[in-house]
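Visitor: Sequence and predicted structure, then a few things I'm wondering about:
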Amino acid sequence: MRARIYRPTKTAMQSGRSKAKNWVLEYEPAGARRPEPLMGWVAAADTSQQIRLTFESEAEAVAYAERKGIDYLVLKPRERKIQRKSYADNFAVNRRMSWTH
């Protein structure tokens, strides 16, 4: 069994990053999902895909995986690049593109 440890990104519906602070441990799928013959829903025999553990820090998640003997992969988050913008930049003389409507 192999698990992924990562910090989730914020969703498009969020303006803040409060739910993206914790680290998550999720198991990777052991096998392919297939349609169930009776209802046609997608099903998997492996129930470990339903487990999602959250931790305060990366170190806690790694310590848990090592303590339980779980093979893990840590995915480091990318830092976001903030571009400072102001309304006055729309009318600056040294604009790269012409200002049109």
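Guide: That came through, no problem.
Visitor: Roughly how far does residue 50 sit from residue 18?
Guide: Residue 50 sits 24 Å away from residue 18, going by C-beta to C-beta, to the nearest Å. No exception for glycine: its C-beta is placed from N, CA and C like everyone else's.
Visitor: That should have said residue 55, apologies.
Guide: Distance of residue 55 to residue 18, computed by C-beta to C-beta: 16 Å.
Visitor: what about those two, which has more around it?
Guide: Taking neighbours as other C-beta atoms under 10 Å, residue 55 and residue 18 compare with residue 55 leading, 18 against 9.
Visitor: Could I get the full set of helices for this structure?
Guide: 58-68 (DSSP state H).
Visitor: Tell me, please, the helix or strand in it that averages the lowest pLDDT.
Guide: strand 42-43 (a mean of 82; mean pLDDT, DSSP states H and E).
Visitor: tell me which strands and helices it is in contact with?
Guide: strand 34-35 (3 or more C-beta pairs under 8 Å, 6 or more residues apart in numbering; DSSP states H and E).
Visitor: so what strands line up beside the strand it packs on?
Guide: As defined by DSSP bridges, the strand partners of strand 34-35 come to strand 42-43 (antiparallel).
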